[in-house]
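J.: Let's see this in three dimensions:
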Amino acid sequence: MIEFLLLLISVTLLYILLPIVNLYAFIKNIKNKNWRNMKLRFYRTAYSIDQFGNVVGAELFNDVLIKQGGYRFGNPDETISSVIGKNYIANTLTFTGRCLRYVLDKIEKDHCVNAIEHDETNTFK
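T.: Residues are numbered from 1 along each chain as shown. Alright, predicted model coming up:
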């Protein structure tokens, strides 16, 4: 039960602090005209949220986006796009998974295949 309490506290802090720290960093980088740092911060934040989504959404994504025996979601060091890319290559995406890949690849050409993290091993089967 302590795990559930920790989850509630961490989610609450996330929703309270994330807007504050991002606004602070945004203003500081604008003031200092540090465009590279701001761009890097946006990328790293998006990447971390993507990894978080891979863990939190693993059960749903495994049931809806990939076929039985596909490379599974849930690795905290891997992004959703990487898992989609691996399943695309293995031809284990469901229709919904193929639709998601299509949308992501429309936003950025070959996004899912380029996002594949080759050093991650899947231990979440």
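J.: got the contact list for the particular helix or strand that has residue 102 in it?
T.: Assessed by DSSP states H and E, residue 102 sits inside helix 95-107. When contacts are taken as Cβ atoms under 8 Å, 6 or more residues apart in numbering, the neighbours of helix 95-107 outside the stretch itself are 64-66, 81, 84-85, 87-88, 93, 111-112. Quick note: C-beta positions are derived from backbone N, CA and C, even for glycine.
J.: try 7 Å
T.: Counting by Cβ atoms under 7 Å, 6 or more residues apart in numbering, the neighbours of helix 95-107 from elsewhere in the structure are 64-66, 81, 84, 87-88, 93, 111-112.
J.: cool, and stretch 79-93?
T.: Defining contact as Cβ under 7 Å, 6+ apart, one finds that stretch 79-93 is touched by 47, 50-51, 53-54, 65-67, 69-71, 73, 97, 100-101, 104, 111-113, 115-117, 120.
J.: Just the buried residues of these.
T.: 51, 54, 65-66, 70-71, 73, 97, 100-101, 104, 111-113, 115-117, 120 (16 or more other Cβ atoms under 10 Å).
J.: Out of the residues you listed, list just those in helices.
T.: When the buried ones among the contacts of stretch 79-93 are checked against helices (DSSP state H), the matches are 51, 54, 97, 100-101, 104, 111-113.
J.: Kindly indicate which of these lies nearest residue 38.
T.: residue 51 (20.8 Å; Cβ to Cβ).
J.: just for the chain, where's the confidence low?
T.: Low-confidence segments of the chain, defined by pLDDT under 70, are located at 120-125.
J.: Return the residues in contact with the spatially most central residue of it.
T.: Centroid-nearest residue in the chain: residue 50, 1.4 Å away (criterion: Cα atoms, centre = their mean). Contact criterion Cβ under 7 Å, 6+ apart gives 79-81 as the residues in contact with residue 50.
J.: again with residue 51
T.: Counting by Cβ under 7 Å, 6+ apart, residue 51 makes contact with 76-79.
J.: Any quick ChimeraX command for the buried ones out of those?
T.: Selection of the buried residues among the contacts of residue 51 in ChimeraX, burial being defined by 16+ other Cβ under 10 Å:
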select :78,79
